[in-house]
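Engineer: coords below, sequence missing:
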């Protein structure tokens, strides 16, 4: 705007806010700043590189394969990651293995303990065939099962961190079965604002494109006050879980959280569509849980010796719900082996029966949208704003198809990937792309001059084209 309108630079200011609420917008005006040209240059360099790669390689694909195809700086790497996994799955050779369990009875209980086979005195043993299984069974048949070690301890389950773009996309995919594009579309609606009865139109969540788990002091204080009121002070977190930022995290915005914690999902349910309500509930629950105490379990475990072989059994009991009272991570398993806590060392157990079953190792799983987002983030490829459009493009161009959440490479995807690996190896090199992201971050911090990146990149690239 300042360029187009020829505005005098000393008369214009830039404001930024993380949520569309009255306080946030008013506060941002008080903290107006100059336009940061390093940030502008970094964004511009990103766009120029994306244009160069897309506009130069796409016509090559039209000529070699068919019109309407495209290549991109992040998109082509994502396609390669999926193709590499497909190749791994195809090359996988399953191996046989056996599970062995002993159902054991204590002198004064009719309910058996389930003990898993662990190995022998030298360590863990994997049973690879029926012959090996029979050999072990023969050696322990009729022998005494004796408890050699009994351990009681406490285990804690840490409170989750509030959502970033990538963790929101992964969790919404897992629990709500949302595609990444759907998650982002609905989050955008919640961010821009919804007409809530008695409150008018308000932005319900903070900015949805972020790689930070940071939370403002004001929001932190209000959620802790809310937890204290609704659940009691013993639920308020004492020591917070801090996540070290990934290399290359921009940390420009807060985590994704509700703008007003008092507006619980049930209060505003009538003002939201079904999908808006489900996503808002997920974000609200996760944020409140992130400021609650960890869940605590009491665990008991025993080691059992029988003629030199080792079996083990364990159980755990939830003693303090903590954050689980708000945010269920997954279905809690019903505790088994509850009578363990009453046993003593050197106690003898009698065998009721053996359970054994044959299995085969499984190949690596196909990528889902959620697991692809996770790996892109781990490798430092792309930014929170690029995950969803990247996946959508791969599906739209028919390089990848989605079946029951899984992503499968099509024949067209294979052909394009092979051309890219042969002709443009650096573009589809994971390390090259991740390194390019960190170089672009160098422009942002003012350490690298933006034109240097283009000058270094273009000649080799042009030659490859």
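Structural biologist: Okay, I see it. Source: prediction; values computed, not measured. Numbering: from 1, shown residues only.

Engineer: Point to the residue nearest the middle of this structure.
Structural biologist: By CA atoms, centre = their mean, the chain has its centre lying nearest to residue 167, at 4.4 Å.

Engineer: Report the contact partners of that one.
Structural biologist: residue 161 (CB atoms under 8 Å, 6 or more residues apart in numbering). Any C-beta I mention is one placed from the backbone N, CA and C, and that applies to glycine too.

Engineer: Where does it fall, secondary structure wise?
Structural biologist: If you go by DSSP states H and E, residue 167 is part of helix 165-176.

Engineer: before we move on, what about residue 187?
Structural biologist: Residue 187 belongs to helix 180-192, assigned by DSSP H and E.

Engineer: One more: residue 117?
Structural biologist: Taking DSSP H and E as the criterion, residue 117 maps to strand 113-120.

Engineer: And residue 82, by the same measure?
Structural biologist: Using DSSP H and E, residue 82 maps to helix 75-91.

Engineer: what about that helix, distance to the chain center?
Structural biologist: Helix 75-91 sits 19 Å away from the centroid of its parent chain (CA atoms, centre = their mean, to the nearest Å).

Engineer: between whichever helix or strand comes after that helix and strand 113-120, how many degrees?
Structural biologist: The C-terminal neighbour of helix 75-91 among helices and strands, as given by DSSP H and E, is strand 96-105. Angle, strand 96-105 to strand 113-120, by axes from the mean of the first three to the mean of the last three CA atoms, to 10 degrees: 130 degrees.

Engineer: Buried residues in strand 96-105, which are they?
Structural biologist: 97, 98, 100, 101, 102, 104 (16 or more other CB atoms under 10 Å).

Engineer: so what's the second one closest to, chain neighbours aside?
Structural biologist: In other words, residue 98. Excluding the flanking residues, the one nearest residue 98 by CB to CB, 6 or more residues apart in numbering is residue 127, at 4.1 Å.

Engineer: repeat for the fifth one
Structural biologist: Here the nearest residue to residue 102 in space, its sequence neighbours aside, is residue 115; by CB to CB, 6+ apart that works out to 4.9 Å.

Engineer: contacting residues around that neighbour?
Structural biologist: Neighbours of residue 115 in contact, by CB under 8 Å, 6+ apart: 101, 102, 103, 104, 145, 302, 304, 311, 312, 313.

Engineer: and the gap between residue 151 and residue 392?
Structural biologist: Distance check for residue 151 against residue 392: by CB to CB, to the nearest Å, it reads 50 Å.

Engineer: Looking at those two, which is more packed in?
Structural biologist: Between residue 151 and residue 392, counted using other CB atoms under 10 Å, residue 392 has the larger neighbour count: 16 against 11.

Engineer: Quick check, pLDDT for that one.
Structural biologist: With respect to pLDDT, residue 392 scores 94.

Engineer: Next, it: phi, psi?
Structural biologist: phi -60, psi -40 (degrees, to the nearest 10).

Engineer: So it sits against residue 181, correct?
Structural biologist: Yes: with contact defined as CB atoms under 8 Å, residue 392 reaches residue 181; the gap is 5.0 Å.

Engineer: one step back: okay, the angle between the helix holding residue 167 and helix 180-192?
Structural biologist: 110 degrees.

Engineer: What are the buried residues along helix 165-176?
Structural biologist: Quick answer for helix 165-176 (16+ other CB under 10 Å): 165, 166, 167, 168, 169, 170, 171, 172, 173.

Engineer: residues contacting the nearest residue to the fifth one once chain neighbours are set aside?
Structural biologist: In this structure, residue 169 finds its nearest non-sequential neighbour in residue 180, 4.6 Å apart by CB to CB, 6+ apart. For residue 180, the residues meeting the contact criterion (CB under 8 Å, 6+ apart) are 169, 173, 369, 370, 373, 387, 388, 391, 392.

Engineer: Which pair of these spans the longest distance?
Structural biologist: 370 and 392 (14.6 Å; CB to CB).

Engineer: Tell me how many other residues surround the nearest residue to residue 45 once chain neighbours are set aside.
Structural biologist: Leaving aside its sequence neighbours, residue 45 sits nearest to residue 450 (CB to CB, 6+ apart; 4.5 Å). Using other CB under 10 Å, residue 450 is surrounded by 22 other residues.

Engineer: Do I have it right that residue 450 meets residue 39?
Structural biologist: No: taking contacts as CB under 8 Å, residue 450 lies outside contact range of residue 39: 11.1 Å.

Engineer: For the stretch 351-465 of the chain, give me the ranges with low pLDDT.
Structural biologist: By pLDDT under 70, the stretch 351-465 of the chain contains no weakly predicted segment.

Engineer: Show me where it has its helices.
Structural biologist: Using DSSP state H, counting those that start in this stretch, the helices of the stretch 351-465 of the chain run over 369-379, 387-396, 411-423, 430-444, 450-464.

Engineer: Give me the buried stretch members for the last one, please.
Structural biologist: Just to be clear, that refers to helix 450-464. 450, 453, 457, 461.

Engineer: ditto for stretch 213-227
Structural biologist: For stretch 213-227, by 16+ other CB under 10 Å, it's 213, 214, 215, 216, 219, 220, 223, 224, 226, 227.

Engineer: what's in contact with that stretch?
Structural biologist: So stretch 213-227 is contacted by 18, 161-162, 164, 235-237, 243, 251, 254-255, 257, 261-262, 287-288, 290-292 (CB under 8 Å, 6+ apart).

Engineer: Now the buried members of the residues you listed.
Structural biologist: Buried among these by 16+ other CB under 10 Å: 18, 161-162, 164, 235-237, 254-255, 257, 261, 287-288, 290-292.

Engineer: which residues touch stretch 98-107?
Structural biologist: Residues outside stretch 98-107 that contact it (CB under 8 Å, 6+ apart) are 112-117, 127-130, 132-133, 136-137, 145, 304, 306, 311, 313, 339, 342-343, 347-359.
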